[in-house]
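Asks: Any chance you could fold what I've pasted below:
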Amino acid sequence: MKKLLVLILVLLSCNILGDELVHVPTPLPLLPEDYEKNPNLLPGIPIIPSLPTEDSTISGNGEEVKWKLEDSYTINLDTNVQVVVPLEIITDVDIKALIIDDQELTIPFDLEMNKEPDKQNFYVLNYSETEIDIDGDGILDTFIYSPKYINKKVVKDNYLYIDGKNITREGVHKKKVYITVELNERR
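Replies: Prediction:
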């Protein structure tokens, strides 16, 4: 019986205290969309909290405290953000060549950037490989040549040189070479 009575009291106290602990926040009033155009729509509600504008006297506990207000200012700050878009290669280069016997072949290709470089002689093309053994026999047979710097949106004068006399294995050979744009850090 005592256990039942204690259980009922606990349930009642939880129910009573539970209602007091539940707090429903009151929503803040929303400002109309054209409030900044016409601030008189809601008089007495400033956009920026205002500072006291007069000297005042505060009395508490029988004592009077005089408060002299110093000059107050409102400072509006303006922020400008400069967005820098990096220089990127936006073209893919897919080269296919048929080499017969000891044939030497030079294949030109162009690379297009996403924008004109903002500085001259500052950006450099970096290939994952420029000297390639395409057939895997240990003798270099394919070479990539490019200008030293990127100074225009379209980089011309790139070419792939294939020396057929160094290719000893016949068949189809594939190779992926990755190109990145780097900064010239020697300046």
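
Asks: Show me where this structure has its helices.
Replies: 2-21 (DSSP state H).

Asks: so what's the nearest residue to E131 once chain neighbours are set aside up against?
Replies: For E131, ignoring the flanking residues on the chain, the nearest one in space by Cβ to Cβ, 6 or more residues apart in numbering is L140 at 5.0 Å. All C-beta spots, glycine's among them, are computed from the backbone N, C-alpha and C. Shown in contact with L140 (Cβ atoms under 8 Å, 6 or more residues apart in numbering): E131, I132, D133, N166.

Asks: And L140, how far from Q120?
Replies: Counting by Cβ to Cβ, to the nearest Å, the gap from L140 to Q120 is 33 Å.

Asks: next one: S146
Replies: Relative to Q120, and taking Cβ to Cβ, S146 is found at 16 Å.

Asks: Same question for L105.
Replies: Taken as Cβ to Cβ, the span from L105 to Q120 is 32 Å.

Asks: again with V81
Replies: 26 Å.

Asks: Looking at those two, which is more packed in?
Replies: Q120 (10 against 4; other Cβ atoms under 10 Å).

Asks: Quick one: neighbours of the closest residue to that one other than its chain neighbours, just the number.
Replies: Nearest residue to Q120 in three dimensions, chain neighbours excluded: N151, at 5.3 Å (Cβ to Cβ, 6+ apart). N151 sits with 14 neighbouring residues when counted by other Cβ under 10 Å.

Asks: got it, and the one 4 residues further on?
Replies: Taking other Cβ under 10 Å as the neighbour definition, V155 ends up with a count of 23.

Asks: Alright, I will stop here.
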